[in-house]
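Q: I need the structure of the sequence given here:
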Amino acid sequence: MTIMHTWKKSFWAIAAALCGCADDGDEHDTGVESESEAESEAESESEGESESEKECVCGTAVVTLAGNLDASAEYIAPWDPSDPAATSNHATLLTVYDFTCAPHEPTMWLRINTLTTWEWHVTLDGAEITGGTDGVPFQTAAGFVGFTPEGALDSKIIAASDFDFAGAAANQVIGFDFGDAIEDGGAGGGTTSAARKSSLAAVTADGACP
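A: Numbering: from 1, shown residues only. So this is what the prediction gives:
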């Protein structure tokens, strides 16, 4: 192809000299694509197809949390989903995404059970859940998190997780990861339980459409 390009440039340079025209040095259009031009166009088309074929994968699968849960927190009344604020020791707002990429902001409520065990519940306004009632908290997930006497993360259990977001596919299961639990072979990092103010909060949540 290098020979063809050289020939084409020489031909038009000679023709320009004979007719007294100025040759601007650009390659003239012969109606025939060079191999490099064809390859470049093919690559551009391929890249364009790849971009258009990319699909957005929506829907939160895991929310990662970290922070502290106060080991000296006061023991309060049993959890009541109709009055979560009065029956929990700590609450944190989450952001999750349904299968249509729509965001939702459920609340995680945590209540101390024993010196080393906390229970947690996730609720969302009933208006955002299929079968829920507007203005009434709807529980969508629950579980437990345990600690060693020294406050290291020992265990994490998801007892239930079922998010039937209104207007999206049903039965979306979301996991809640509190860290590197010892029972799972970890070092006990992530969430701790020491005698200081609770600070547990969400760190990341996947499933957002870029």
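Q: and the strands in the protein?
A: Secondary structure of the chain by DSSP state E: the strands cover 62-68, 90-93, 96-97, 103-104, 107-114, 117-125, 137-147, 153-161, 175-177, 179-180, 189-192, 201-205.
Q: which helices and strands sit right next to the third one?
A: Here strand 96-97 touches strand 103-104, going by 3 or more Cβ pairs under 8 Å, 6 or more residues apart in numbering; DSSP states H and E. The way it works is simple: take the backbone N, C-alpha and C, and place the C-beta from them, glycine included.
Q: follow-up on the earlier one: tell me which of the strands of the chain is the most buried.
A: strand 96-97 (a mean of 24; mean count of other Cβ atoms under 10 Å).
Q: partners of that strand in the sheet?
A: Strand 96-97 pairs in its sheet with strand 103-104 (antiparallel), by DSSP bridges.
Q: identify the residues contacting the partner strand?
A: Here strand 103-104 makes contact (Cβ atoms under 8 Å, 6 or more residues apart in numbering) with 95-98, 124, 128, 165, 208.
Q: can you redo the strands of the chain as CSV with mean pLDDT and distance to Glu74?
A: Formatted as CSV, those follow (pLDDT from 0 to 100; distance: least, Cβ to Cβ, whole Å):
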stretch, mean pLDDT, distance to Glu74
strand 62-68, 97, 16
strand 90-93, 98, 11
strand 96-97, 97, 29
strand 103-104, 96, 31
strand 107-114, 97, 8
strand 117-125, 98, 13
strand 137-147, 97, 17
strand 153-161, 98, 22
strand 175-177, 98, 24
strand 179-180, 97, 24
strand 189-192, 96, 19
strand 201-205, 94, 21
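Q: among the ones you listed, which is nearest Pro78?
A: Evaluated over these, closeness to Pro78 peaks at strand 107-114, with 8.2 Å, by Cβ to Cβ.
Q: hey, C-alpha coordinates of that closest one in PDB?
A: Taking Å, rounded to 0.1, in the frame of the first residue of the first chain, the C-alpha atoms of strand 107-114 are listed here in PDB:
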ATOM      1  CA  THR A 107     -33.300   3.300  56.600                       C
ATOM      2  CA  MET A 108     -31.300   0.700  58.600                       C
ATOM      3  CA  TRP A 109     -32.300   0.600  62.300                       C
ATOM      4  CA  LEU A 110     -30.000  -1.100  64.800                       C
ATOM      5  CA  ARG A 111     -30.800  -2.300  68.300                       C
ATOM      6  CA  ILE A 112     -28.500  -3.700  70.900                       C
ATOM      7  CA  ASN A 113     -29.600  -7.200  72.100                       C
ATOM      8  CA  THR A 114     -26.600  -8.200  74.300                       C
END
